[in-house]
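Asks: need a 3D model of the following:
(chains A and B)
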Amino acid sequence: MTVEARPPDTTARAEGAAADPAPSGPLLSVRDLTMTFPGRRSASGRRGAPVRAVDGVSFDLAAGETLGLVGESGCGKSTTGRMLVRLLEPTSGSITFDGRDITRLSQRGLRPHRRHLQMVFQDPHSSLNPRQTVARIICDPLLVQGWSATDARRRAAELMDLVGLIPEQIDRYPHEFSGGQAQRIGIARSLATSPRLIVADEPVSALDVSVQAQIVNLMERLRRELGLAYVFIAHDLSVVKRVSDRVAVMYLGRIVEIGEKRALYESPQHPYTRALLSAVPLPDPAAERRRERIVLLGDPPSPAAPPPGCTFHPRCPKAQEVCRTERPLLRIAASREVACHFPGD
Amino acid sequence: MADVPDAPLLEVRDLHVTFATPHGPVRAVDSLGFTVEAGRTLGIVGESGSGKSVTSLAVMGLHRGAEVGGSIALAGQELTGMSEKRLSRLRGRKMAMIFQDPLSSLHPYYTVGEQIAEHVRVHFKAGRAAARKRAVDMLGEVGIPEPARRAGEYPHQFSGGMRQRAMIAMALACEPDLLIADEPTTALDVTVQAQILELIARLQQERGLGVVMITHDLGVVARVAHEVLVMYGGRAAEQAGVDELFAGPAHPYTRGLLDSLPRLDDADDEPLRAIPGSPPSLLAPAPGCAFAPRCGLAAAGTPDQRGRCATERPELRPHGAGPHTAACHFAGAGTPASAPPARTAPPASPARTAPAAPPARTTPPATTTPEANR
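Replies: Reported below is the predicted structural model:
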């Protein structure tokens, strides 16, 4: 692996990984990732304040590992996912994949990495071209990678079998499949080039409840069999708990808590994580009546006008003076990282 | 509009709703019955195409072009066959509805206050000033800060949670007895969902409202419902009190749903017990039990039993003690302890989404039907 010229701010970890190509380093290493969108133009033509959708997100992901990215709408989890596969150009920060900084690679330079880095989207029907057959949909990434048409078609049929579809249906169109089946097609497409990392953005939230479990089980099986790593983006904390090894909770563009799944769900340290978990309705009426709920006041603030200090302080039951003025950074607390001045129960 | 004393707030019996489509008539709701008492919440659970939303629109008389049969009685007063003029007097005044997406239910050109006030003026023949005051009061009551100022704002200036609060304010401005909430929190974040559910529960207690909560989320049902109706393929699969339903689900579909959910209070060490296949198409309903093609209990039965599931439609029958009914020929036959392993995906090969047809089934379920996605 050769070292390419990269921006001077590349982290020491990435340098180390590049110098030593042994697969000991993380598969994916994200440092200070930030995305600022220009403000929306008003009717008078004046631009509003820029929106910092993602604000300094950092994490590592090992090969074969699943990181769950949770948070409410507007927290920046999908924007983060899109930057990871370079569907969006980050404003600043770095993405190191397999020891190589891919943040600023040209589309052409990115192509050899693309096959290892794929994405699965939320709405299977709108993310599949309705005028292409399943064969075409799954083969396309292979043809881009230089496969012959016959080989690609054979591979597509194998993939359909792998994800639990009937290979004989390869010449059908997406509308002939149910939602769950269409999501399987999306997954087959993402697997075509034998990727090492899949970024899945809300892969089950558009599906019927009785179908969600099928897709969750499929993704878990594929991970075991193929040694995949996932960044699993979802708002449903039960699904994220199911599939993840580690979980990162985002609020207003920042990670507020990140750590091992079990520890994070059993003793959440950030007040927002605690509130989020207590808000999830449990399918158990007796437990629901026993439960103490933390009901947060108000809505998540707009990322266009984030509150000063800790962005969670206007809704936080534990907020003190320092929270209004000083932004808390991620620090180790109870075997994980928490961005709170007063972590703990 | 004399209310019949002692009649339940809402009583639906043998409800049928049929739509004419280019592919022939579609029976979206079939032989459905339920009751809602004042101060109680009925949770209606179902997936896309289960008929849960069509049911609520039928109760409100908002189904366009559908044929509605059976009986819908509000405080003893029959609503089916009622003239549109009389219905519109009841709508808002006696029963009101809130929807999943408040932005598409609010008019973008009028301020939130004007929209609520118009409602009050129509039903109460109130003057402009009085109606306006009522609108502001209602916005305050549903927890909107600075209600007098917010009443002068337009829907797009409200956040999702605030819009749903405004919808609730409008729905309750004329003090209806029945509130139908169709997936009211599905578009909202989980922390905001908690606020809205709490708000509905508080208003219900204060006003003795009867509430119909339509949702796909069994967690929401467990939190708010007193009674539960589980719908599948346009029919009732199971009806029970909330505790009975979650503690001892009798219908294999209910049980399958509960088993397939990832849960916060679960160890995550085994694969989820997924239900194979997809919800059925209403265009080609199976002659027997709509759930049979996906049912582990049916698959594990003898050929005779499978034949019965495939050809004979199960009626709701009492199950155990109390008002608990399930529409399954073999309800209770497979208690969780002795439940057949067929509920899990077949272990050998990955479960195919197009389920391999068990021998007794006449038509395979619609593997090629696009399903409505949320």
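Asks: what's around A:Ser210, how many residues?
Replies: Residues lying near A:Ser210 (other C-beta atoms under 10 Å in any protein chain shown) number 24. C-beta coordinates here come from the backbone N, C-alpha and C atoms, glycine included.
Asks: state the mean pLDDT of stretch A:113-124.
Replies: Per-residue pLDDT over stretch A:113-124 has a mean of 91.
Asks: what's the burial count for the closest residue to A:Arg52 other than its chain neighbours?
Replies: Leaving aside its sequence neighbours, A:Arg52 sits nearest to A:Thr36 (C-beta to C-beta, 6 or more residues apart in numbering or on different chains; 5.0 Å). By other C-beta under 10 Å, the residues close to A:Thr36 number 16.
Asks: before we move on, what about the one 10 residues further on?
Replies: By other C-beta under 10 Å, 8 other residues sit near A:Arg46.
Asks: now do the same for it: its pLDDT.
Replies: 77.
Asks: what segments of the stretch 101-250 of chain A are helices?
Replies: For the stretch 101-250 of chain A, the helices defined by DSSP state H, counting those that start in this stretch occupy A:107-114, A:134-144, A:149-162, A:179-191, A:209-226, A:237-243.
Asks: typed the wrong thing, it's the stretch 151-300 of chain B
Replies: B:160-172, B:190-207, B:218-224, B:242-247, B:252-260, B:296-299.
Asks: including mean neighbour count, mean pLDDT and distance to chain A, could those go into CSV?
Replies: CSV is the format used below for the helices of the stretch 151-300 of chain B (neighbours: other C-beta atoms under 10 Å in any protein chain shown; pLDDT from 0 to 100; distance: least, C-beta to the nearest C-beta, whole Å):
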stretch, mean neighbour count, mean pLDDT, distance to chain A
helix B:160-172, 25, 92, 5
helix B:190-207, 19, 92, 4
helix B:218-224, 25, 95, 3
helix B:242-247, 20, 96, 5
helix B:252-260, 24, 94, 4
helix B:296-299, 24, 90, 12
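Asks: as CSV, those helices with distance to A:Gly259 would be great.
Replies: As requested, the helices of the stretch 151-300 of chain B are exported to CSV (distance: least, C-beta to C-beta, whole Å):
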stretch, distance to A:Gly259
helix B:160-172, 29
helix B:190-207, 20
helix B:218-224, 24
helix B:242-247, 31
helix B:252-260, 28
helix B:296-299, 38
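Asks: and B:Thr311, which of those is closest to it?
Replies: Of all the helices of the stretch 151-300 of chain B, helix B:296-299 sits nearest to B:Thr311, with 11.6 Å by C-beta to C-beta.
Asks: helices and strands around the closest one, which ones?
Replies: For helix B:296-299, the elements it packs on are helix B:252-260, helix B:303-311, judged by 3 or more C-beta pairs under 8 Å, 6 or more residues apart in numbering or on different chains; DSSP states H and E.
Asks: for A:Arg327, find the nearest of those.
Replies: Among the helices and strands packed on helix B:296-299, if distance is taken as C-beta to C-beta, the winner is helix B:252-260, at 41.5 Å.
Asks: and the angle for the closest one with helix B:303-311?
Replies: 100 degrees (axes from the mean of the first three to the mean of the last three C-alpha atoms, to 10 degrees).
Asks: helix B:252-260 versus helix A:209-226: what angle between them?
Replies: Following the same axes, to 10 degrees, one obtains 40 degrees for the angle between helix B:252-260 and helix A:209-226.
Asks: and the helices of the stretch 101-250 of chain A, which is most packed in?
Replies: helix A:179-191 (a mean of 26; mean count of other C-beta atoms under 10 Å in any protein chain shown).
Asks: need the helices of the stretch 101-250 of chain A in a markdown table (columns: distance to A:Pro301).
Replies: Shown next, in a markdown table, are the helices of the stretch 101-250 of chain A (distance: least, C-beta to C-beta, whole Å):
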| stretch | distance to A:Pro301 |
| --- | --- |
| helix A:107-114 | 35 |
| helix A:134-144 | 39 |
| helix A:149-162 | 43 |
| helix A:179-191 | 33 |
| helix A:209-226 | 30 |
| helix A:237-243 | 21 |
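Asks: make TSV from the helices and strands packed on helix B:296-299 and add distance to A:Ala135 to it.
Replies: Listed next are those as TSV, based on distance: least, C-beta to C-beta, whole Å:
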stretch	distance to A:Ala135
helix B:252-260	31
helix B:303-311	34
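Asks: quick one: closest of the helices of the stretch 151-300 of chain B to A:Gly68.
Replies: Here helix B:190-207 is closest among those (C-beta to C-beta), at 14.7 Å.
Asks: residues in contact with the closest one?
Replies: Helix B:190-207 is contacted by residues A:72, A:235, A:237, A:275-276, A:278-281, A:293, A:295-296, A:299-300, B:39, B:41, B:141-143, B:160-161, B:164-165, B:168, B:172, B:175, B:179, B:181, B:184-185, B:188, B:209, B:211, B:213, B:220, B:223-224 when judged by C-beta atoms under 8 Å, 6 or more residues apart in numbering or on different chains.
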